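1. Okay, here's the prediction I keep looking at, along with the sequence it came from:
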Amino acid sequence: MKAVWNGHVVAESTDTVVVDGNHYFPPACLKSEFFSESSRTNVCGWKGTANCYSLNVDGQTNGDAAWYYTEPKDAAKQIRGHVAFWKGVIVSP
């Protein structure tokens with residue numbers, strides 16, 4: 001699977017975990033030069049509190065376009081640290 005935004009592959013992996021229709025990418029497969037920490041968090045009732053990343057590609061920023069769970073609830077432990085995308089990031093094979 002590849003995650004593409006603004007014409008650049010920001011993550012690529014053959015080992016994503018699919019939860020609620022979203023592909024969660026292992027942290028080691030992220031192209032770290034495109035990611036910056038965000039202060040935004042979101043809460044999911046069964047997964048826990050998610051932190052966000054913003055993407056920065058070719059001078060453009062896609063704020064809070066990725067999320068991850070550092071301490072997910074037990075029901076979602078398989079996605080600990082993995083990153084999922086939205087806000088125009090195309091995830092495809």
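-> Perfect, thanks for sending it.
2. where's the residue sitting furthest away from the middle of the chain relative to residue 34, distance?
-> In terms of distance from the mean C-alpha position of the chain, residue 59 ranks first, at 19.8 Å (CA atoms, centre = their mean). When CB to CB, to the nearest Å is applied, the distance between residue 59 and residue 34 equals 12 Å. C-beta coordinates here come from the backbone N, C-alpha and C atoms, glycine included.
3. Please apply the same query to residue 50.
-> Here residue 50 is placed at a distance of 19 Å from residue 34 (CB to CB).
4. Find the residue closest to residue 81 in space, skipping its chain neighbours.
-> Distance criterion CB to CB, 6 or more residues apart in numbering; nearest residue to residue 81, sequence neighbours excluded, is residue 27 at 5.0 Å.
5. Give me the pLDDT for the one you found.
-> Turning to residue 27, the model gives it a pLDDT of 97.
6. just residue 32 next, same as before
-> We note a pLDDT of 97 for residue 32 in this prediction.
7. again with residue 12
-> According to the predicted model, the pLDDT of residue 12 comes to 98.
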